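[1] make a model of this:
(2 chains)
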Amino acid sequence: MTSTRSPQASAGLSREYPAGSLAYPHRDLLGIGQLERHQILYLLDEAEQWVDLNRQPSKHTDLLSGLTIINAFFENSTRTLLSFEIAGKRLGADVVNMHAAQSSVKKGETLIDTAITLNAMRADAIVIRHGSSGAVELIASKVDCPVLNAGDGQHEHPTQALLDALALRHALRERGHSADDFTGLTVTICGDILHSRVARSNVLCLTALGANVRLCAPPALMPAEIEAMGAVPFHDFDAALDGADVAMMLRLQTERMEGQFIPSAREYHHLYGLTMERLQRAAPDALVMHPGPMNRGVEIDSEVADMLDRSIITRQVEMGVAIRMAALDVLTRRTRGVDGWRENISGGEQWV
Amino acid sequence: MRQSAPLTIINGELVLPDRTEKGAIRVENGLIAEVGLAGPQDGDEVFDAKGKLVAPGLVDFGVFAVDKPAFHFGGITRAAVMPDQNPPLDYPSRVKLVAQSGKPDLWVHPLAAATKGLEGRELAEIGLMKQAGARGVATGRRWISDSGAMLRLLQYAAMLDLVVVSHAEDAALAGNASATAGDMATRLGLPSAPAEAEALAVSRDIALAEMAGARLHLRQVTTARALDLVRSAKARGVKVTAGVTPAHFMLSDLATAQFRTFAKLSPPLRSDADRKAVIEAISDGTIDVIASGHDPRGAEDKRLPFSDAEPGMAGAETLLAMALTLVRDDAIDLVRAFELLAAAPAALLDAPCGKLETGKEADICVIDPHKPWVVDSRKMEATAGNTPFDGQPAQGRALALFKGGVRIG
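    Sure, this is the predicted structure:
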């Protein structure tokens, strides 16, 4: 097999990948759990060109011109929906947003019927967010086009983990790090781990890229046997932060909680809020991340969130568009008949 | 349907209450007349078992649907049906209707709803339902979380000498969980409850049953800790029995990978350590009953995201084959297998069957214990094919089935 070099204009790094669709032999992007390390790196490298484009005054290509992308969001979302919409539009696709209120489309066959309906409209890619774990895979099994998971229940949110990795990579490069993965880096993720799909996808993605991941939450918000996923659980935030290179803060997902998990926001801040003082425990110059939306004064103090040199929260948002452009580009290559991507890959992952 | 002429089943490997032996069995007027080496008499109908197993018909304790084709496929001649029907079996006339629903070729023994609407609060008319044909009282798919109500129920059932069938999962701890807390539930992001929810419920139910002097049957006990509680309660003489379905000794929560809703059960599948503990409990006598928990569910209940799907499996067709795997694995012998599948559940129901003994009802199953087949959810006799064993090879099939001496399958 021949191999191709991925465009890596901004970094000057280059890594070799299997040719054509063997670089990413999946029809869908359903979860980080289904990706190999080199497939994650491939998506990150592919996104670099879109980071560059997005920084130009004119941010438009006609790569996906004529294709229809449906954003089917069964759960409320502002930033992820917007990010996917911008990504699709910058690539020249026709983007349609479907807001399916969770209440009206929750039951029974309706979800399958919705999938069949979307399929009948001949979408070229469908982006789905749903409140139940596994719902996106269920829909993917019923449609003929690529499906992107924009968050399913408490299961996965793969584009978030990829954009976090890309934002982290850029920040590290600016500091002179040359590696394109995170070997040796310690990342502490603190917050409502139990209800967080972002945490699960990030644990899978960061550990695949070589980072040591620490998770920190009160016991009731820490899922059972999380060690099996390769992360180290903590309940004491100070200990979890000790010497960490990155602190990623998550909000409390009160909308998913049944019963009381935390006595009060004030008390949560006392134990798990990222304050300037607490940040001193981390490595000097440690980076601060947050997938948003932030609850300032609860899990993160404003002065920490707004640190120009250490907080990369807004850069995460920026990278989100680039990652989603890369995902849409890669997943539609077969439809577009791009060289090396036309072959039927339904047989799956024979080279992986 | 009455037996017209006496029947002799010859050349069988008889599964008797204490041993297996080659021989024949003679049936007259629907009852077993002679067991052993008796030859057919003049005028007898003769069935040649050709060396296969001749065993009691299975008594399936705790099914959710009366699904005759599936039961007959699985060698089941009697079933105790759970009160979770629509409407629930909380009223004497409904119990009476169900009690007659399967006759003559399948006998259905209704379990009366313990509480009105199965809501776990007010006692239903258990005495009248007993008169209408109920052979036990069941809490339904859910646990009765009000301990006061449970104690009164146990006392009342003890007075009427009815067994109380409980679903042992602590309601507050289980909440809306659809999986057992652990690696699998964490990876899949499923709402989960700790396995200890079962031990908590079992512990309370045993304490109350002991106090009330009631007969308690825990329909499914699936965790090591809860089985230890049952074991020690039995040792001190509490009238407690325990059951399980093949899913919990064949599968662990790994079967829920890819969000397979056919593997969504109640209680949920457990860790592999618990699965092994169930097999051990079957071997040592802690578990008394293996039942199918037959609950056929169509696409509208199962083709949903995992946590929105209904729990339950269509188990009647695979019950026999899966129980026979325990025999092949030397966990139990054949005699014990049919004690678990027929004699013990018949005793719970106080039904005169479940054993090949003179005077018992002639519910007989002829079985090839080695016949290989593949479970295929698309080709099942049940009203729906929601089996967690889909695609799995199995061994052992019912070849012929007799209810009261009459061949029905």
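[2] centroid residue for chain A?
    In chain A, the residue lying closest to the centroid (CA atoms, centre = their mean) is residue A:160, at 1.6 Å.
[3] where's that one relative to residue B:112, distance?
    For residue A:160, the distance to residue B:112 (CB to CB, to the nearest Å) stands at 52 Å. C-beta: built from backbone N, CA, C; applies to glycine.
[4] state the helix or strand in which residue B:282 lies.
    According to DSSP states H and E, residue B:282 maps onto helix B:272-284.
[5] buried ones in that helix, by neighbour count?
    Judged by neighbour count using 16 or more other CB atoms under 10 Å in any protein chain shown, the buried positions of helix B:272-284 are B:274, B:275, B:277, B:278, B:279, B:280, B:281, B:282.
[6] off-centre distance for that helix?
    Distance of helix B:272-284 from its chain centroid, counting by CA atoms, centre = their mean, to the nearest Å, is 17 Å.
[7] please see if it touches chain A.
    No. Helix B:272-284 stays out of contact with chain A when judged by CB under 8 Å from any CB of the partner chain, the minimum separation being 12.2 Å.
[8] what average pLDDT does the longest helix seen in chain B get?
    Longest helix in chain B by number of residues (criterion: DSSP state H): helix B:196-212. For helix B:196-212, mean pLDDT is 98.
[9] how far off centre is stretch A:289-297?
    Using CA atoms, centre = their mean, the offset of stretch A:289-297 from its chain centre is 15 Å.
[10] and that stretch, end to end?
    Its start and end residues considered, stretch A:289-297 measures 15 Å (CA to CA, to the nearest Å).
[11] so who does the most centrally placed residue in chain B touch?
    Centroid-nearest residue in chain B: residue B:291, 2.1 Å away (criterion: CA atoms, centre = their mean). Contacts of residue B:291 were listed using CB atoms under 8 Å, 6 or more residues apart in numbering or on different chains, and they are B:60, B:61, B:62, B:63, B:219, B:243, B:244, B:245, B:319, B:345.
[12] quick check: closest non-adjacent residue to it.
    Excluding the flanking residues, the one nearest residue B:291 by CB to CB, 6 or more residues apart in numbering or on different chains is residue B:61, at 4.4 Å.
[13] around chain B, pick out the residues from chain A.
    So far as CB under 8 Å from any CB goes, chain A lies against chain B at A:33, A:106-109, A:111-112, A:130, A:132-135, A:137-138, A:152-156, A:197, A:200, A:223-226, A:228-229, A:258-259.
[14] let's see it at 7 Å
    Applying CB under 7 Å from any CB of the partner chain, we find that chain A lies next to chain B at A:108-109, A:111-112, A:130, A:132-135, A:137-138, A:153-155, A:197, A:200, A:223-226, A:228-229, A:258.
[15] what subset of those residues is buried?
    Those of these that meet the buried threshold are A:111-112, A:130, A:132-135, A:137-138, A:153-155, A:197, A:200, A:223-224, A:226, A:229, by 16+ other CB under 10 Å.
[16] among the residues you listed, which ones are in helices?
    Among these, the members falling in helices (DSSP H) are A:111, A:112, A:135, A:137, A:138, A:197, A:200.
[17] any chance of TSV for these, columns distance to residue A:279 and pLDDT?
    Formatted as TSV, these follow (distance: CB to CB, whole Å; pLDDT from 0 to 100):
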residue	distance to residue A:279	pLDDT
A:111	43	85
A:112	47	87
A:135	37	95
A:137	38	96
A:138	41	95
A:197	26	97
A:200	25	98
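[18] give me the below-cutoff pLDDT ranges for the chain.
    The chain I'm using is chain A. By pLDDT under 70, the low-scoring segments of chain A are A:1-14, A:101-109, A:343-352.
[19] could you do chain B instead?
    B:1, B:38.
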